[in-house]
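*Asks:* sequence first, predicted model second:
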Amino acid sequence: MAKQILILGGGVAGTIIANGLCRQIRQEIASGTVAITQLSASDKHMYQPGLLYVPFGKIRESDLFRDQRKLLDKRVAFFVDPAKTIDVEGRKVATDSGKTFTYDYLVIATGSRIRPDLVPGMAEGADWFYDLDGARKLRDKLNDFQGGKVVINVNAPHKCPVAPLEITFMLREFLAGKGVLDKSEITYTYPIGRLHALEPVGQWAVPEFQKFGIQSQTFFNTKSVDATAKTITSEEGVTLPYDLLITIPPHSGQAVITDSKLGNGGWVPTNKQYLLREGSDNVFIVGDTTNIPISKAGSTAHFEADVVVDNLASLIKEQRWSRAYDGKVYCFLETGMNTGTYVWFNYTTPPNPGPPSQMIHWFKLGYNRLYWLSARGLL
Amino acid sequence: MGERTTIDARGAFCPGPLLELIAALKLGQIGDEFDILSSDKGSVTDIPEWCKKVNHEFLGTTEHQGYWSVLVKKAK
């Protein structure tokens, strides 16, 4: 009977793993020794970093999506039937439709989700761009915006660590282009005592904010939003008025993780080198779903996925581990509509972002198109 | 007596020890303790300062070889 590799999640990590394994263990798949199945909540694969451009009308929505079936190697059995409960002791997964899938190896790559419901008043009073409906709604509001107080509010934890700064710089240019910047005031809030989690990025942002007249309120942990009064209040006792509130909501893991009692908040305790679930020898956790203290970013998911592909293939073919994940993260950072920089680091090398340039912005725009090669496991 | 959770944020550049603590506190119950391991010396001042601002209880810092252990109790 074939060894079953079951992958939960059709995002970047799950897709890279499925496609990468098809290449590395093609002989075992062809001989029927191994079979790969992927379960996803959607038949579409979304390029999530593209959502940043939607509020400004800078990307066509259709460019954000591909059919997941077409992205996946044809040797992967694919079902739009998300996991409902995961039984790691019994080595089986029950799905929304009532089916049961057993496995020899499980990959949990179910990602994260925004939870504006966790902050009183946030869902009613705030806008966001972290899902398509939110990004569309924000696009409409920005089109109608004639100036006023904009608060960009950041909550922990969240995916895509640099997006709050990106939206701030892009918004400033957008308002300038619309001719309403002089009638506007932008205030950026952050939960800790600097402008960004990454100290070098936070330090870099200080003179940029000063140059562009962007206000900031650090040590701002959101307590509540009053959608009627149009104010946002922090645990630290600060209340800010707004005409437009753009929030990066707090996130959690997927409900299936908490429902299956696999991790508080939906984050699964994970070994940071080998990406095994703590206490398991056959369950891999990848991407946002881990509890590893690392950026919840697409690049993290991508580099982790590469390691899982190598290790799973090596375990199947040679009964040995291949390599450890070194903590690598690599993020582009748009610093406006026409400039960008990037930052990378790993467990042992600290971040050191370079000066922004048009060329790096173009690389980012190029990657927005080339991403689909990454998903196919080719880049 | 609440539960004690260890957050090993040694070598964590992003989001970093204080943001990891903030996220963990949201999931905890009042009385739970969080032991944050950090190789970033800034955490030794950042975390107690933040606890004071938002009224969580800072229980103390212990220096180890190459890292610090900062203990916090969720107070509200």
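*Replies:* That came through, no problem. Numbers count the residues shown, from 1 in each chain, chains lettered A, B, ... in the order given.
*Asks:* hey, let's count contacts and neighbours off CA atoms from now on
*Replies:* OK.
*Asks:* can you pull the pLDDT of the nearest residue to residue A:206 once chain neighbours are set aside?
*Replies:* Excluding the flanking residues, the one nearest residue A:206 by CA to CA, 6 or more residues apart in numbering or on different chains is residue A:195, at 7.3 Å. For residue A:195, the pLDDT comes out at 97.
*Asks:* can you pull the contacts of residue A:195?
*Replies:* Residue A:195 is in contact with A:189, A:201, A:202, A:203, A:205, A:206, A:216, A:218, counting by CA atoms under 8 Å, 6 or more residues apart in numbering or on different chains.
*Asks:* how about the strand or helix carrying the fourth one: buried residues?
*Replies:* Think residue A:203. Element membership for residue A:203, per DSSP states H and E: helix A:199-212. Residues A:199, A:200, A:201, A:204, A:205, A:206, A:209 are the ones in helix A:199-212 that count as buried (16 or more other CA atoms under 10 Å in any protein chain shown).
*Asks:* same question, stretch A:351-370
*Replies:* Under 16+ other CA under 10 Å, the buried positions of stretch A:351-370 are A:351, A:353, A:356, A:358, A:360, A:361, A:364, A:368.
*Asks:* give me every residue in chain B lying close to chain A.
*Replies:* B:8-9, B:11-20, B:22-23, B:27, B:46, B:50, B:53-54 (CA under 8 Å from any CA of the partner chain).
*Asks:* which residues sit against the worst-scoring helix or strand of chain B on mean pLDDT?
*Replies:* Least confident helix or strand of chain B, by mean pLDDT, DSSP states H and E, is helix B:43-54 with a mean of 92. With contacts defined as CA under 8 Å, 6+ apart, helix B:43-54 is touched by A:192-193, A:219, A:235-236, B:17-18, B:57-58, B:61, B:68, B:70, B:72.
*Asks:* export that helix to CSV, keeping only CA atoms.
*Replies:* C-alpha atoms of helix B:43-54 as CSV (Å, rounded to 0.1, in the frame of the first residue of the first chain):
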residue,chain,number,x,y,z
SER,B,43,14.3,43.3,25.8
VAL,B,44,15.6,43.7,29.3
THR,B,45,14.4,47.3,29.4
ASP,B,46,11.6,47.1,26.7
ILE,B,47,9.6,44.4,28.3
PRO,B,48,9.4,45.9,31.9
GLU,B,49,8.7,49.3,30.4
TRP,B,50,5.8,47.9,28.4
CYS,B,51,4.4,46.0,31.3
LYS,B,52,4.3,49.2,33.4
LYS,B,53,2.4,51.0,30.6
VAL,B,54,-0.3,48.4,30.3
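*Asks:* any idea where the strands of chain B begin and end?
*Replies:* Per DSSP state E, chain B carries strands over the ranges B:4-8, B:33-38, B:57-63, B:68-73.
*Asks:* now tabulate those strands in JSON lines and tack on mean pLDDT and mean neighbour count.
*Replies:* Output for the strands of chain B, formatted as JSON lines (pLDDT from 0 to 100; neighbours: other CA atoms under 10 Å in any protein chain shown):
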{"stretch": "strand B:4-8", "mean pLDDT": "94", "mean neighbour count": "16"}
{"stretch": "strand B:33-38", "mean pLDDT": "96", "mean neighbour count": "23"}
{"stretch": "strand B:57-63", "mean pLDDT": "96", "mean neighbour count": "15"}
{"stretch": "strand B:68-73", "mean pLDDT": "97", "mean neighbour count": "22"}
